[in-house]
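Student: pasting the sequence and the predicted coordinates here, then a few questions.
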Amino acid sequence: MKLTVKNAEGQPAGEVEVRFAVIDGGRGTQAVHDTVVAHQAARRSGTACAKTRAEVAGTSKKPYRQKGTGMARAGSFQSPIRVGGGVVFGPRPRDFGKKVNRTTRRLALRKALSERLKDGDVVVIENLQLESPKTKGFLGVLNRLELSAGSTLVVVAENDRNLTLASRNIPDLELTTSGTLNTYQALRFDKLLFTRGAFEKLGERLAE
């Protein structure tokens, strides 16, 4: 399978071969689900915390005498049945992380990219270097590639300072590298814009 490579003006400038095997059918669907769930779970802070009766501030004095009041006996102001008391089985700090092995993660990314390739959502550009960190110049490239509408994930081979500065003010756009691209990113955006170098590096990463 080959993709047309475009230049910064949006004109065809050659072709690039997809170096990893494109997945057809339902294979890899469960891997995608498991990987995305694990990614979203890892983003949870897990810091929710409610105080138990042992942690609530207050006196150890008995609220009222044991007998003669006509009310049920009570021994603590921190009791969960009282207003301002502790919480029973409340949330505690925890780690929501889920383990997904390397083979499953790689299969999931291949499956996600295979579907995006078949849907025509992947665009490859020959090179993406800006002379200055101007957002206007980067927007011009996106307009010529017809990527100004919707959300776009830009994947480069290595981090570039000018590109990072020029892209950070553009809404619905994210910049990443071929080495850190994950399944969640590959599915989240409307279009995926790769540089030729990034696409070739990703092919080597998934063909191992």
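Tutor: Perfect, I can see it now.
Student: show me the contacts for the residue nearest the centre of the chain.
Tutor: By Cα atoms, centre = their mean, the chain has its centre lying nearest to Tyr184, at 5.1 Å. Applying Cβ atoms under 8 Å, 6 or more residues apart in numbering, we find Tyr184 in contact with 35-36, 39-40. C-beta coordinates here come from the backbone N, C-alpha and C atoms, glycine included.
Student: which is the next helix or strand following the strand or helix carrying it?
Tutor: Using DSSP states H and E, Tyr184 maps to helix 183-188. Sequence-wise, the next helix or strand downstream of helix 183-188 (DSSP H and E) is strand 191-195.
Student: distance of Glu17 relative to Phe199?
Tutor: 9 Å (Cβ to Cβ, to the nearest Å).
Student: what about the residue of the chain most remote from its centre, which SS state?
Tutor: Within the chain, the residue lying farthest from the chain centre (Cα atoms, centre = their mean) is Gly68, at 62.0 Å. Going by DSSP: H, G, I helix; E, B strand; the rest coil, the secondary structure assigned to Gly68 is coil.
Student: quick thing: my sequence starts at 30, can you match it?
Tutor: With 30 as the first residue, the last one maps to Gly97.
Student: what's the mean pLDDT across the lengthiest helix in the chain?
Tutor: Once the chain is assigned using DSSP state H, the helix that runs over the most residues is helix 131-147. Mean pLDDT, helix 131-147: 94.
Student: with stretch 178-198 instead?
Tutor: 91.
Student: can you give me the end-to-end span of that stretch?
Tutor: 15 Å (Cα to Cα, to the nearest Å).
Student: repeat that for stretch 177-190.
Tutor: Start-to-end, stretch 177-190 (Cα to Cα) is 21 Å.
Student: buried residues in it?
Tutor: Going by neighbour count (16 or more other Cβ atoms under 10 Å), the buried part of stretch 177-190 is 181-186, 189.
Student: from the residues you listed, which ones fall inside strands?
Tutor: Among these, DSSP state E puts 181-185 in strands.
Student: for the chain, just list every one of the helices.
Tutor: Counting by DSSP H, the helices of the chain are 58-71, 131-147, 164-173, 190-196, 212-217, 225-235.
Student: so between Glu46 and Phe228, which is more surrounded?
Tutor: Ranked by neighbour count (other Cβ atoms under 10 Å), Glu46 and Phe228 place Phe228 first, with 25 against 10.
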